[in-house]
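Engineer: Just a sequence and a predicted model for now, questions to come.
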Amino acid sequence: MMKSSFWRFFKRFVVLCFMALCIIPGFADNITTSPANCNSTTLNTSTGPATLNADWEANNINIAWYSDGTQITNDANAATQCTYDQTFSLPTPPTKTGYNFAGWKAMPVPSIYTQLEYIQSTGTQYIDTNITANQTSDVTIDYQSTVDGLKWLFGARDYSNGTAINKFSIQGISTSSNTFWIQFDNTSALEYRVDTNITTQSQRLSRHKVRLSGNKYYLDDNLVYTLTESYTDFSSTHTLLIGNNYSTSGISSAGLSAKIYSFVYYKDGTLVFYGVPVRRNSDNVVGMYDTVTGQFFTNAGSGNFEAGPAVQ
């Protein structure tokens, strides 16, 4: 009796599958690009219905250990990477005369740096991230202009021939039209000005968070504009600059004069740059520490960044 019931269930299951009424989660590849193709490869069915579930993959996090400003590199017990929400091993507790070891404390930056509230540029300082941009790039800059006018917040464009191509850039805020100038795509066609509803100088010189996520533009965490024109995949010729962009003769003269609080960059869905303002303790050089790679990025232009207050 049980065998007969099983076969009735199995036959019904097979029939339903052939009618495309059963969905087997995980059979198709994950969909990450919009717009997506409506076909049996993407949706696991040619007639429907289709059910799509969010799929998540835990981040791998690089770990660096420091004791009194010196990195611990020769301890086999010390994990150098962990998977989010999983366990990881600790180094052998260090010793220090006159002190008891109290434990390990997570810091945004190594102790050889002092974390700052911001770094300040005067228009000739900028940071080269050494990373190119493409149509998936998702960049957020937290900044406060100190000089009114249309200045580059960040940029990666090829302007060598006098026409901007392979570009992922934002310039803001215009004093005449109160707009941001956004450049996106691999041609000169997609350059557009976006209204900010910022109409006074005090508003323009206030602190703002600007995000360009693919073809979507956000101001202070609010979606302001979505590019509706069609565009093609592209990869920038140049690397992405923080606080400037490229011109026909090299680096633009419209560099950003501002306090920069943070710079976050995702590419192809992966965090590739998380810039934290710091001062290097050994020589007081000011720049940004990338918590993703553990690299210290200094000024690539002229002059020096000014240090904001230390984070307490």
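Structural biologist: Nice, thanks for sending it over.
Engineer: Which residue ranges of this protein form helices?
Structural biologist: Ranges of helices within the chain are 2-18, 40-43, 201-204, based on DSSP state H.
Engineer: Pick out the shakiest of those, pLDDT-wise.
Structural biologist: The minimum mean pLDDT among these belongs to helix 2-18 (a mean of 46).
Engineer: T248 reaches Y159, doesn't it?
Structural biologist: Yes: if you go by Cβ atoms under 8 Å, T248 and Y159 touch, sitting 5.6 Å apart. C-beta: built from backbone N, CA, C; applies to glycine.
Engineer: Which one's more surrounded, the two?
Structural biologist: The neighbour comparison of T248 against Y159 (other Cβ atoms under 10 Å) goes to Y159, with 23 against 10.
Engineer: do you know how far that one is from D290?
Structural biologist: 26 Å (Cβ to Cβ, to the nearest Å).
Engineer: Quick check: closest non-adjacent residue to D75.
Structural biologist: Distance criterion Cβ to Cβ, 6 or more residues apart in numbering; nearest residue to D75, sequence neighbours excluded, is P91 at 4.2 Å.
Engineer: before we move on, what about I242?
Structural biologist: Once chain neighbours are set aside, the closest to I242 by Cβ to Cβ, 6+ apart is I127, at 4.2 Å.
Engineer: check contacts around the one you found.
Structural biologist: Contact analysis of I127 by Cβ atoms under 8 Å, 6 or more residues apart in numbering lists L241, I242, G243, F263, G275, G287, M288, F297, T298, N299, A300.
Engineer: Any idea how many residues pack against the fifth one?
Structural biologist: Number of residues near G275 (other Cβ under 10 Å) recorded here: 25.
Engineer: Could you check the pLDDT of it?
Structural biologist: 94.
Engineer: ok, now which ones touch it?
Structural biologist: Shown here is G275, whose contacts under the criterion Cβ under 8 Å, 6+ apart are I127, T129, I242, S262, F263, V264, M288, Y289, D290, F297.
Engineer: does the second one really touch Y274, like I thought?
Structural biologist: No: between T129 and Y274 there is no contact under Cβ under 8 Å: 10.9 Å.
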